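K.L.:
what would the 3D arrangement of this be:
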Amino acid sequence: MQATPKVFIVMGVSGCGKSTVGLALAERQTCQFYDADDFHPAENVAKMAAGNPLNDDDRRPWLEKLAELIREHLEAQRPMVLACSALKEWYRQLLLVGNDQVELIYLKGEFELIWERMSARENHYMRPEMLQSQFDTLEEPEYGIVVSIDQTVDEQLAEISNQI
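P.N.:
Residues are numbered from 1 along each chain as shown. Predicted structure coming up:
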């Protein structure tokens, strides 16, 4: 029997609900929650706020910092939930740190629904106009837990709980 994961990465494009679902999952699992957006250096935030998508060179130091956070939690056997876009496979492989104690949860949604959600957000540096670049970058994972976002947070949590 596989060990219960200690780290959950809630991934998907901006506006899919990673932070909302991730925080609710952390509360349910009684563990620490982190939002990967809080770890971006000021230069990345400024670039996105100006409407410019990040490139792989911008993301690498940020991803390495997140991978170190995951490693620290695993070594200390402290469970955690991380909300992180993790759009490309190599990003995910860096974050998964080759450990089966890390579980990926992909929040999958249609462009139109996410656009609607992003347009309703206030005071967020990620503009709805950048959503297409997120979908263009997204390499959908072929593993992990896939959850449709066209349901309530409670329904998403129930679906996740049934699969972990």
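
K.L.:
element containing Tyr34?
P.N.:
strand 32-35 (DSSP states H and E).

K.L.:
max-length strand in this structure?
P.N.:
Longest strand of the chain, by residue count under DSSP state E: strand 102-108.

K.L.:
and the very next helix or strand once past that one, how far from the chain's centre?
P.N.:
Once the chain leaves strand 102-108, the next helix or strand it forms, by DSSP H and E, is helix 111-120. From the chain centre to the centre of helix 111-120 is a distance of 17 Å (Cα atoms, centre = their mean, to the nearest Å).

K.L.:
check stretch 78-94 too.
P.N.:
6 Å.

K.L.:
kindly check the end-to-end length of it for me.
P.N.:
19 Å (Cα to Cα, to the nearest Å).

K.L.:
need the longest helix for this protein.
P.N.:
helix 56-75 (DSSP state H).

K.L.:
where does the chain have its least confident helix or strand?
P.N.:
helix 111-120 (a mean of 77; mean pLDDT, DSSP states H and E).

K.L.:
so what does it touch, helix or strand wise?
P.N.:
If you count contacts as 3 or more Cβ pairs under 8 Å, 6 or more residues apart in numbering; DSSP states H and E, helix 111-120 packs onto helix 131-137. The C-beta positions use only the backbone N, C-alpha and C, and glycine is treated the same way.

K.L.:
if anything else comes up later, I'll come back, but that's it for now.
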